[in-house]
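Chemist: Below is the sequence, then the predicted model.
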Amino acid sequence: MRTQVAIIGGGPSGLLLSQLLHTRGIDSVVLERKTKGYVLGRIRAGVLEQGFVTLMEEAGCADRLHAEGITHDGTLVSYGDELFRVDFKEHTGTPVVIYGQTEVTRDLYEAREKSGGKIEFNVENVVIHGADTETPYVSYAVDGEARRLDCDFVAGCDGFHGVSRQTIPLDVRREYEKVYPFGWLGILSETPPVNHELIYANSPRGFALCSMRNENLSRYYIQCSLSDKPEDWTDEAFWQELKRRIPADQAAKLVTGPSIEKSIAPLRSFVTEPMRWGRLFLCGDAAHIVPPTGAKGLNTAASDIHYLYRGLREFYESASTDGIDSYSEKALARVWKAERFSWWFSSLMHRYPDQSEFDLKMQVAELEFLRSNKAAQQAMAENYVGLPY
Ligand code: FAD
Ligand code: DHB
């Protein structure tokens with residue numbers, strides 16, 4: 001089989017790129033290791049930047065997002081008994097949109113299927129060949145049958161555990177990593193959200209986040225130990241712990257119910273450089289990971305897709321390699337800023353096992369500065385709604 005762009009990974013990055021390329025008549029094939037049901041069953045991000053929404057519009061996939069997405073003009077931050085609001089609208093003129101990654105992925109799959117897009121599921125043993133030549137190809141197997149996909153370019157959209165990043169030789173690749181000494185235990189429950197906006201809570205018992213998907217679907221997270229397993233936490237224990245970490249008036253109105261999903265995610269900051277090697281381009285989690293505190297994971301994947309899509313368009317429509325030649329540099333410049341924001345907000349909001357009394361005082365001082373200083377709130381708002389592409 002031959003295509004113009006071979007896309008490894010059918011998560012949000014790969015699907016969005018495939019659909020955007022399709023709008024300009026550029027052919028692609030998506031190779032996904034899992035089933036569609038598996039990909040749609042993964043509960044992940046929930047906050048979309050305006051830049052992401054614009055890309056979904058460009059891809060012709062934003063109707064349901066516009067109809068069902070919930071606009072948020074600000075967020076609440078709490079510490080101890082203090083609670084304050086950072087107003088995104090006032091500081092940036094831009095809101096964020098609450099719409100789950102599951103829904104984004106569902107809309108993109110639907111669009112690809114409607115336009116006859118080629119997606120191969122259950123692929124195994126994906127290997128990228130000749131990425132540093134003009135004639136790359138991808139070999140893989142489906143049901144034990146070997147296949148080959150010839151292409152002009154390969155987009156590595158296969159997440160943190162994929163093969164694309166490993167294809168770049170070690171003497172070319174440089175990796176930067178910080179692993180945090182805790183995880184997030186998340187649950188989804190068919191209950192009304194405790195508050196109409198998100199609450200990020202720093203408490204002596206650890207971080208908590210109150211989020212949502214819609215008016216009857218809530219998403220809550222608590223900082224947990226890396227050795228915890230989801231099955232160690234009964235729903236009752238989760239709700240009790242959450243109530244202890246959020247302001248008392250919020251805890252009093254929290255509606256609890258059975259969880260319909262419960263999972264633990266470790267927290268990591270990770271960047272690989274460069275994001276391009278020959279005709280292979282890394283996008284999204286394949287190239288970088290942020291701790292989830294700033295809701296930047298999915299949104300940073302989208303900014304990569306923005307740069308790569310424009311680069312590939314320039315190549316096919318104007319025979320110019322300027323866009324693809326500057327892809328890595330442009331994408332990384334924005335990635336590092338998202339890394340900084342996510343690291344800063346994570347450091348501000350969590351309890352660390354080795355935190356000294358001095359470190360705790362610094363956290364409180366910084367939270368008080370953020371609560372009372374418009375410039376600090378402006379900086380947080382600009383980062384949270386998304387820096388310009
Ligand atoms: P992925 O979504 O990882 O998609 C990669 C795809 O490639 C997968 O479908 C995978 O099956 C496929 N694949 C992997 N290897 C191969 C292979 N060898 N061959 C073919 N296909 C392959 N972000 C937030 O902003 N907020 C959150 O709350 C949040 N929670 C998260 C929780 C977890 C457990 C994880 C892992 C991430 C979370 N993120 C969150 C981050 C966000 O979900 C990711 O940034 C986003 O999914 C990145 O999309 P992607 O398409 O680049 O990668
Ligand atoms: C959600 C996840 C985040 O990491 C975040 O910062 C905000 C919201 C969510 O899943 O809703």
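Modeler: Looks like it arrived, so ask away. Numbers count the residues shown, from 1 in each chain. Ligands and ions are numbered 1, 2, ... in the order given.

Chemist: avg pLDDT for stretch 163-183?
Modeler: Mean pLDDT, stretch 163-183: 98.

Chemist: I figured Ile260 hits Glu190, correct?
Modeler: Yes: with contact defined as Cβ atoms under 8 Å, Ile260 and Glu190 form a contacting pair (6.2 Å). For every residue, glycine as well, the C-beta is placed using N, CA and C.

Chemist: quick one, what contacts the residue in the chain positioned nearest to ligand 2?
Modeler: When scored by Cβ to the nearest ligand atom, the chain has Gly46 as its residue closest to ligand 2, at 2.6 Å. Going by Cβ atoms under 8 Å, 6 or more residues apart in numbering, Gly46 touches Ile98, Tyr99, Gly100, Gln101, Ser211, Met212, Arg213, Arg219, Ala295.

Chemist: and if you look at Lys89?
Modeler: Neighbouring residues of Lys89 by Cβ under 8 Å, 6+ apart: Asp73, Gly74, Pro95.

Chemist: Scan these and report the most crowded one.
Modeler: With neighbours taken as other Cβ atoms under 10 Å, the top of these is Gly74, carrying 19 neighbours.

Chemist: For it, give the beta-bridge partners.
Modeler: Asp87 (DSSP bridges).

Chemist: how about the residues of this protein near ligand 1?
Modeler: Applying Cβ under 6 Å from any ligand atom, we find that the chain lies next to ligand 1 at 8-14, 31-34, 39, 44-45, 101, 123, 126, 157-159, 161-163, 265, 284-285, 292, 295-298, 301.

Chemist: Ligand 2 contacts on the protein?
Modeler: Residues of the chain lying near ligand 2 by Cβ under 6 Å from any ligand atom: Ala45, Gly46, Val47, Leu198, Ser211, Arg219, Pro292, Thr293, Gly294, Ala295.

Chemist: and if we set it to 5 Å?
Modeler: Residues of the chain lying close to ligand 2 (Cβ under 5 Å from any ligand atom) are Gly46, Val47, Ser211, Arg219, Pro292, Ala295.

Chemist: now, which of these lie within helices?
Modeler: Among the residues of the chain next to ligand 2, DSSP state H puts none in helices.

Chemist: Show the contacting residues for Asn202.
Modeler: Contacts of Asn202 by Cβ under 8 Å, 6+ apart are Val77, Ser78, Tyr79, Leu348, Met349, His350, Gln363, Leu367.

Chemist: Pull up the gap between the closest residue to Ala295 other than its chain neighbours and Asp304, please.
Modeler: In space, and not counting its chain neighbours, Ala295 is closest to Val47: 3.8 Å by Cβ to Cβ, 6 or more residues apart in numbering. Applying Cβ to Cβ, to the nearest Å, one obtains 18 Å for the distance of Val47 from Asp304.

Chemist: Neighbour count for those two, which is higher?
Modeler: Remark: of Val47 and Asp304, Asp304 carries more neighbours, 30 against 25, as counted by other Cβ under 10 Å.

Chemist: now whichever strand or helix holds that one: mean pLDDT?
Modeler: Using DSSP states H and E, Asp304 sits within helix 297-318. Taken as a whole, helix 297-318 has a mean pLDDT of 98.

Chemist: for it, packing partners?
Modeler: helix 12-23, strand 47-48, helix 50-58, helix 322-325, helix 327-349 (3 or more Cβ pairs under 8 Å, 6 or more residues apart in numbering; DSSP states H and E).

Chemist: what comes up buried for that helix?
Modeler: Within helix 297-318, the residues that count as buried by 16 or more other Cβ atoms under 10 Å are 297-316.

Chemist: and the angle for it with helix 12-23?
Modeler: Interaxial angle of helix 297-318 relative to helix 12-23 (axes from the mean of the first three to the mean of the last three Cα atoms, to 10 degrees): 30 degrees.

Chemist: Restrict helix 297-318 to CA atoms and write it as CSV.
Modeler: Output in CSV follows, covering the C-alpha atoms of helix 297-318 (Å, rounded to 0.1, in the frame of the first residue of the first chain):
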residue,chain,number,x,y,z
GLY,A,297,-1.1,17.4,27.5
LEU,A,298,-3.8,17.2,24.8
ASN,A,299,-3.5,20.9,24.0
THR,A,300,0.2,20.7,23.4
ALA,A,301,-0.3,17.7,21.2
ALA,A,302,-2.7,19.9,19.2
SER,A,303,-0.1,22.7,18.7
ASP,A,304,2.4,20.1,17.3
ILE,A,305,-0.3,19.0,14.8
HIS,A,306,-0.9,22.7,13.9
TYR,A,307,2.7,23.2,13.0
LEU,A,308,3.1,19.8,11.2
TYR,A,309,-0.1,20.2,9.2
ARG,A,310,1.0,23.6,8.0
GLY,A,311,4.4,22.3,7.1
LEU,A,312,3.0,19.4,5.1
ARG,A,313,0.5,21.7,3.3
GLU,A,314,3.4,24.0,2.3
PHE,A,315,5.3,21.0,1.0
TYR,A,316,2.4,19.6,-1.1
GLU,A,317,0.8,22.9,-2.2
SER,A,318,3.9,25.1,-2.7
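
Chemist: Perfect, I'm done here.
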